[in-house]
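Peer 1: Take a look and give me a structure for this.
(one chain, ligands or ions: 1)
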Amino acid sequence: MKKILAFDVDQTLNVAKTPIPEEISELLIKLLRAGFKICPISGQKFDQFLIQIVDPILKNGGKPSDLKNLHLFVAQGTQYYRYNSSDKTYSPKNWEKVYNFPLTDAQVSEICSALEKSAKELGFWEEDKLKPGDEIIENRLSQVTFSALGQSAGTKEKYAWDPDCKKREKIVEKAKLLAPDFEFEIGGTTSINAFVPGMNKVFGMTHLMEELNAEKSDILYFGDMTQPGGNDYPVVEMGIDTITVRSHEDTAYALRGILGVSGALK
Ligand SMILES: [Mg+2]
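Peer 2: Numbers count the residues shown, from 1 in each chain. Sure thing, here's the model as predicted:
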């Protein structure tokens, strides 16, 4: 029986960049209470983990005590947070940052200029489509993320922008020539993540096993980008058991099965 359920976030637990739906929140609460360790791992920043995962769990009946089994692997697991309080009242201040491996300023600017130059040369720099205050390239501390239409674009526009990943493959090809010391990986619907080689989900999953004192065989991983080149593929390559989902509906279906087998589904 798997003790640890690890999840990609965008398109696996939610519709990209939105909070997890009520159904997923309720299933995660049941799993947390059944003693499973729930480990979301994604390229998002910590604040987004709170908005997309923690807040919906609390809104849908989760208690602060349920959070002790929730482990947040932020920025592809190059940062790890756990909830460290037995207070009955929830406070976001109780999230403890256990580790962090940030990029240097020089690394960030090298990646940013490579991505910007590549997208501009290809005609994929969509600055005019950004909402006020939004940005295409974001420094997420352990990685830099390019989001073609910004963070707050509508889901429909995002899906339509690059459904076959072809635009992003071209940007990646150019950016790699300009900044050869870094890895560029396609994720989400409009995103490219750039980081130091090895600082991908393999790094995150390796640290997860260390922190939670677990073996590969203890873990079941859910992701939507498990194809070669996708940001979940490194986990498959590690030899961790993986379930490929198309959407959070598939994830919910599988989670109900797990809860049924474990006897925790009421
Ligand atoms: Mg995903």
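Peer 1: any idea which residue sits dead centre in this protein?
Peer 2: Ser42 (1.5 Å; CA atoms, centre = their mean).
Peer 1: In space, what's closest to it - neighbours in sequence excluded?
Peer 2: By the measure of CB to CB, 6 or more residues apart in numbering, the closest residue to Ser42 outside its immediate chain neighbours is Val9, 3.7 Å from it. Bear in mind the C-beta positions are built from the backbone N, C-alpha and C, glycine included.
Peer 1: Look at that neighbour and report its pLDDT.
Peer 2: For Val9, the model assigns a pLDDT of 96.
Peer 1: and what of the one 4 residues further on?
Peer 2: In the prediction, the pLDDT value recorded for Leu13 is 98.
Peer 1: And it, how far from Ile53?
Peer 2: Using CB to CB, to the nearest Å, we find Leu13 at a distance of 7 Å from Ile53.
Peer 1: One more: Leu212?
Peer 2: Remark: distance between Leu212 and Ile53 (CB to CB) = 17 Å.
Peer 1: what about whichever helix in the chain runs longest, distance to the chain center?
Peer 2: Longest helix in the chain by number of residues (criterion: DSSP state H): helix 105-122. Helix 105-122 has its C-alpha centroid displaced from the chain centroid by 22 Å (CA atoms, centre = their mean, to the nearest Å).
Peer 1: other SSEs contacting that helix?
Peer 2: Where contact means 3 or more CB pairs under 8 Å, 6 or more residues apart in numbering; DSSP states H and E, helix 105-122 is packed against strand 137-139, strand 144-147, helix 166-178, strand 191-195.
Peer 1: contacting residues around the residue nearest to the centre of the chain?
Peer 2: 8-10, 49, 73-74, 76 (CB atoms under 8 Å, 6 or more residues apart in numbering).
Peer 1: is any part of the one helix or strand in the chain whose mean pLDDT sits lowest close to the ion?
Peer 2: None of the helices or strands of the chain scores lower by mean pLDDT, DSSP states H and E than strand 183-187, at a mean of 91. No - using CB under 5 Å from the ion, strand 183-187 never reaches the ion; the gap is at least 5.9 Å.
Peer 1: Kindly provide the distance from the closest residue to Val172 other than its chain neighbours to Lys170.
Peer 2: Sequence neighbours aside, Phe184 is the residue nearest to Val172 in space, at 4.4 Å (criterion: CB to CB, 6+ apart). When distance is defined by CB to CB, Phe184 is 11 Å away from Lys170.
Peer 1: Looking at the two, which one has more neighbours?
Peer 2: Between Phe184 and Lys170, counted using other CB atoms under 10 Å, Phe184 has the larger neighbour count: 23 against 16.
Peer 1: List the residues that contact that one.
Peer 2: Contacts of Phe184 (CB under 8 Å, 6+ apart): 171-172, 175-176, 192-194.
Peer 1: try 7 Å this time
Peer 2: By CB atoms under 7 Å, 6 or more residues apart in numbering, Phe184 lies in contact with 172, 175-176, 192, 194.
Peer 1: And for Thr18?
Peer 2: Thr155.
Peer 1: before we move on, back to that, compare neighbour counts for Leu212 and Ile53 and give me the winner.
Peer 2: Neighbour count, other CB under 10 Å: between Leu212 and Ile53, Ile53 has more, with 25 against 17.
Peer 1: Tell me who's in contact with the more buried one.
Peer 2: Ile53 is in contact with 20, 40, counting by CB under 7 Å, 6+ apart.
Peer 1: pLDDT value on it, please?
Peer 2: 98.
Peer 1: could you give me the average pLDDT of the longest helix of the chain?
Peer 2: 97.
Peer 1: Show me what that helix is in contact with.
Peer 2: 125, 137, 139, 144, 146, 170-171, 174-175, 178-179, 182, 192, 194.
Peer 1: Now with 6 Å, please.
Peer 2: 125, 137, 139, 144, 146, 170-171, 174-175, 178-179, 182, 194 (CB atoms under 6 Å, 6 or more residues apart in numbering).
Peer 1: Thank you kindly, that will do.
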